[in-house]
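show me the folded form of this:
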Amino acid sequence: MDQKDLAELEKVKQVQQKHYQNIADPIAEPLNKLQELGHETLTIKSLMDTKVIEALQEVIEKGGLDRIDPNSIRENISKSSLAPLAEKFPNVFSAMIKVGKDKNSVSHLLKLFEEKDHAKDYGMIVIAGFVLFIFLRTRIVKPTWGFMKRLFWNSAFNLSYMMMSLGFMYYWFYENLSPAVNTFIQAL
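Okay, here's the model as predicted:
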């Protein structure tokens, strides 16, 4: 081989390295930033840091979610403790994967971690609602009632509390939850 051939091979090598670097950069760069910020892995605690959320938003904007293979996600789920649920409800898990790959949904869900004041207010409402429902349940459901009647009324109270909590959560965080909910419903 002469110098011309070696120079040509070097150019091809650089083009390939640049191509692979463009693929890896959207994912590797935020992980490096994560480590620079003092977080080894992505956890709920690290998501409380606004700089971590900004790094993840960069991944989303650069198309990092598009490079994740849905089959690899399904394979990981099949190896986890969620495998029995995934087998019983495959449409739900497929819809969840679509939500996880949707740029708009994920970026809005990440914004939930920036709303710490709203989360505190929502937490106070949920706790107050829990205390109120316990108070009402102890006043309305009598221990002298039969088992089935108590079961019915306790179940009704629990279901209404759950619906109230979910309703308040959706209302309180509508702006950030609605894209994910809409994507989930469309995927079903």
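
who's in contact with the residue nearest to Leu109 when sequence neighbours are not counted?
Spatial nearest neighbour of Leu109, chain neighbours left out: Ala180 (5.5 Å); criterion: CB to CB, 6 or more residues apart in numbering. C-beta here means a position set from N, CA and C on the backbone, and glycine is covered the same way. Residues counted as contacts of Ala180 (CB atoms under 8 Å, 6 or more residues apart in numbering) are 99, 102, 105-106, 108-109.

likewise for Ala95?
Contact analysis of Ala95 by CB under 8 Å, 6+ apart lists 183-184, 187-188.

right, and Ala55 touches Lys33 too?
Yes - here Ala55 reaches Lys33: they are 4.4 Å apart, a contact under CB atoms under 8 Å.

more neighbours: the two, which one.
Each of Ala55 and Lys33 has its neighbours counted (other CB atoms under 10 Å); Ala55 has more, 21 against 16.

mind checking the SS state of the more buried one?
helix (DSSP: H, G, I helix; E, B strand; the rest coil).

report pLDDT for it.
Per-residue pLDDT puts Ala55 at 78.

Tyr170 versus that one, what's the distance?
Distance, Ala55 to Tyr170, by CB to CB, to the nearest Å: 28 Å.

and for Asn158?
For Asn158, the distance to Tyr170 - CB to CB - is 19 Å.

next SSE after the helix or strand of the chain with the lowest mean pLDDT?
Ranked by mean pLDDT, DSSP states H and E, the weakest helix or strand in the chain is helix 3-36, scoring a mean of 64. For helix 3-36, the following helix or strand on the C-terminal side (DSSP states H and E) is helix 44-47.
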